[in-house]
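Visitor: sequence plus predicted model, see below.
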Amino acid sequence: MARVMGGMVKGRRLACPSGLQFRPTTGRVKEFIFSYLNNDIEGSTLLDLFSGTGSLGIEALSRGAKEVSFVEKSIVSLKLLKKNISNCGYSDKVNIFKEDVFFFLKRTGRKKCTFDLVIADPPFKQNLRNKIVDHVDKNRILSPKSLLIVEHESHDPDFGDHGLVMIRQRKFGHCYVSVYRTGD
């Protein structure tokens, strides 16, 4: 069972699916992300890609994010996501999109929508880090001086053929967290 680690609903339990397919963000990784973001959360608009049950986006809301957009295509995860959002009292601060992340990024880019923060926790086995960074950059999803945070495994390459700059990377066992900033 995952928990909210800080903010207004600190300690609140979040519903999670059981089974081997589910890989929640560990407490250590979540603490690193939100300690790193620190004051950037307050009043921000956040995009949570591959949101699963919403652990990262809900954590951001608890710590003062103004609004979070969740993108998830799994029916099972979406049911739990909606339950977790409701149980935390954040239904009025979220947008939920049931669709493929890369389709969402293209569509959102065409509408010229931007976010202050983007967090992505994709399935590790698919090696999606470079594709995520590339799509976020090409579709201009980030506001100027905004951050993209991607969780990935060590063997998931960043080919660097994009306009985002990696400003921090931290290892947690087999998981890495890479932080990118717009070059603007």
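Guide: That came through, no problem. Residues are numbered from 1 along each chain as shown.
Visitor: so where do the strands sit in the chain?
Guide: For the chain, the strands defined by DSSP state E occupy 2-3, 13-14, 45-49, 67-71, 94-97, 115-120, 142-153, 164-172, 175-182.
Visitor: including mean neighbour count and mean pLDDT, could those go into JSON lines?
Guide: The C-beta positions use only the backbone N, C-alpha and C, and glycine is treated the same way. Below are the strands of the chain laid out as JSON lines (neighbours: other Cβ atoms under 10 Å; pLDDT from 0 to 100):
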{"stretch": "strand 2-3", "mean neighbour count": "18", "mean pLDDT": "84"}
{"stretch": "strand 13-14", "mean neighbour count": "17", "mean pLDDT": "91"}
{"stretch": "strand 45-49", "mean neighbour count": "26", "mean pLDDT": "97"}
{"stretch": "strand 67-71", "mean neighbour count": "23", "mean pLDDT": "98"}
{"stretch": "strand 94-97", "mean neighbour count": "18", "mean pLDDT": "98"}
{"stretch": "strand 115-120", "mean neighbour count": "23", "mean pLDDT": "96"}
{"stretch": "strand 142-153", "mean neighbour count": "20", "mean pLDDT": "92"}
{"stretch": "strand 164-172", "mean neighbour count": "13", "mean pLDDT": "92"}
{"stretch": "strand 175-182", "mean neighbour count": "20", "mean pLDDT": "92"}
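Visitor: out of those, which comes closest to Asn87?
Guide: Asn87 sits nearest to strand 13-14 of all the strands of the chain, at 7.9 Å, using Cβ to Cβ.
Visitor: who touches that closest one?
Guide: For strand 13-14, contacts defined as Cβ atoms under 8 Å, 6 or more residues apart in numbering pick out 1-4, 53-55, 58, 80, 84, 87.
Visitor: buried subset of those as a PyMOL selection?
Guide: Of those, the buried ones can be selected in PyMOL as follows, counting by 16 or more other Cβ atoms under 10 Å:
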select buried, resi 2+4+53+54+55+58+80+84
